[in-house]
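Asks: sequence unknown, structure follows:
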């Protein structure tokens, strides 16, 4: 062993957590092993932070404001719908909490059983688009969904075990069908 190698193999003054001073080779090996152990953790964290918009991590808990309503495509005709309820509801807030849904009476639900599901267009609004297609094959459920702002071919839907399914247009916008109207709610 030459003098340079002998000097390099001498301890570098660092001590291990539970042992004698370590050589630079031991320090290097320890650093590499720690780095290798950190890579899977870092990869998992990076993957978790890049969940797609429709992932199961949608944040549905909290306040949602009813911002608008339009006559539903399945309504008999726009002039035969009662807009009085719309005037009552638009501007109000619905709150999703772990053990209850609160807000205007029609939305109140004690003990909801939240479940996020993927719905096809024909299943939206309690199957209304599918029913429309069954009655008239020219009515395409996917085109009807896109006309209401939905994109793609599968739509995240929050089922609660209560009367209404909540269909996500995007992570901060949901639509519901109620009494021949489609209401839009925005996360507050």
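Replies: Cool, got the structure. As the structure is a computational prediction, the values presented were derived from the model and not from experiment. Numbers count the residues shown, from 1 in each chain.
Asks: elements contacting the strand or helix carrying residue 130?
Replies: Using DSSP states H and E, the element containing residue 130 is helix 124-135. Packing partners of helix 124-135 (3 or more Cβ pairs under 8 Å, 6 or more residues apart in numbering; DSSP states H and E): helix 141-147, strand 173-178. Yep, even glycine has a C-beta here, placed from its N, CA and C like the rest.
Asks: list the buried residues in that helix.
Replies: 124-125, 127-130, 132-133 (16 or more other Cβ atoms under 10 Å).
Asks: give me the pLDDT for residue 84.
Replies: Note on residue 84: pLDDT of 89.
Asks: residues near it, how many?
Replies: Residue 84 has 8 neighbouring residues, counting by other Cβ atoms under 10 Å.
Asks: ranges for the helices of this protein?
Replies: Secondary structure of the chain (DSSP state H): helices at 3-9, 24-49, 84-89, 124-135, 141-147.
Asks: in stretch 169-184, what's buried?
Replies: Those would be 169, 171, 173-178, 180-184, for stretch 169-184 by 16+ other Cβ under 10 Å.
Asks: and which of those is nearest to residue 109?
Replies: residue 176 (12.7 Å; Cβ to Cβ).
Asks: now do the contacts for the closest one.
Replies: Contacts for residue 176 (Cβ atoms under 8 Å, 6 or more residues apart in numbering) come out as 125, 164-167, 182-183, 185.
Asks: domains of the chain?
Replies: 3-49, 62-187 (automatic domain parsing).
Asks: hey, which of the ones you listed is tucked in deepest?
Replies: domain 62-187 (a mean of 16; mean count of other Cβ atoms under 10 Å).
Asks: one step back: which of the helices of the chain comes out lowest on mean pLDDT?
Replies: It's helix 3-9: among these, that one has the lowest mean pLDDT, namely a mean of 45.
Asks: and the nearest residue to residue 99 once chain neighbours are set aside, how close does it get to residue 98?
Replies: Once flanking residues are discounted, residue 99 sits nearest to residue 111: 6.4 Å by Cβ to Cβ, 6 or more residues apart in numbering. The gap separating residue 111 from residue 98 is 10 Å, by Cβ to Cβ, to the nearest Å.
Asks: kindly report the same for residue 112.
Replies: Distance from residue 112 to residue 98, by Cβ to Cβ: 9 Å.
Asks: same check on residue 73?
Replies: Taking Cβ to Cβ, one finds residue 73 at 34 Å from residue 98.
Asks: for residue 187, same thing?
Replies: Here the distance between residue 187 and residue 98 works out to 17 Å (Cβ to Cβ).
Asks: now swap in residue 104 and tell me
Replies: Taking Cβ to Cβ, one finds residue 104 at 20 Å from residue 98.
Asks: please name the bridge partners of the nearest residue to residue 125 once chain neighbours are set aside.
Replies: Sequence neighbours aside, residue 177 is the residue nearest to residue 125 in space, at 3.6 Å (criterion: Cβ to Cβ, 6+ apart). Beta-bridge pairing of residue 177 under DSSP bridges involves residue 182.
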